[in-house]
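Colleague: Pasting the sequence and the predicted model now:
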Amino acid sequence: MAGIDPETQEIVPIFNPRKQKWAENFVWQDKGIVIEGTTSIGRATCLRFDLNDTRYPEEDSIRATRRFWIQTGLHPQAGDPCQA
């Protein structure tokens with residue numbers, strides 16, 4: 001399966017968790033609310049699967065759920081790369 005890297009417009013394979021490391025392709029932004037791709041594979045995967053649920057208002061999206069997980073201490077996982 002493939003996706004389009006929004007930065008380069010190239011078709012690239014999407015992230016394969018069996019063969020690739022999450023931390024090498026993604027970083028948490030906004031204190032763990034938003035996943036950002038740091039590589040062409042990461043960017044294409046975020047776009048292809050709409051990992052930040054941008055089609056919906058925040059209160060109806062995965063972003064609201066992530067905020068709840070952060071408040072309860074369940075998210076993000078220890079060791080996940082984060083940026084402010």
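Modeller: Received it, and whenever you're ready, just let me know what you need. No experiment lies behind these values; they were computed from the predicted model shown.
Colleague: Over to the residue minimising distance to the centre of the chain: give its phi and psi.
Modeller: The residue lying closest to the centre of the chain (Cα atoms, centre = their mean) is residue 35, at 2.8 Å. The phi/psi pair for residue 35 (degrees, to the nearest 10) reads phi -90, psi 130.
Colleague: same check, this time on residue 2
Modeller: Torsion angles, degrees, to the nearest 10, at residue 2: phi -140, psi 170.
Colleague: Correct me if wrong: it contacts residue 44.
Modeller: Yes - between residue 2 and residue 44 there is a contact under Cβ atoms under 8 Å: 7.3 Å. Just so you know, the C-beta spots here come from the backbone N, C-alpha and C atoms, and that holds for glycine as well.
Colleague: Counting neighbours around each, name which of the two comes out higher.
Modeller: Counted by other Cβ atoms under 10 Å, residue 2 and residue 44 do not tie: residue 44 has more neighbours, with 26 against 12.
Colleague: Mind listing residues that contact the worst-scoring helix or strand of the chain on mean pLDDT?
Modeller: Across the helices and strands of the chain, the lowest-confidence element by mean pLDDT, DSSP states H and E is helix 62-71, at a mean of 93. Outside helix 62-71, the residues that touch it by Cβ atoms under 8 Å, 6 or more residues apart in numbering are 31, 32, 33, 34, 51, 52, 53, 58, 75, 76.
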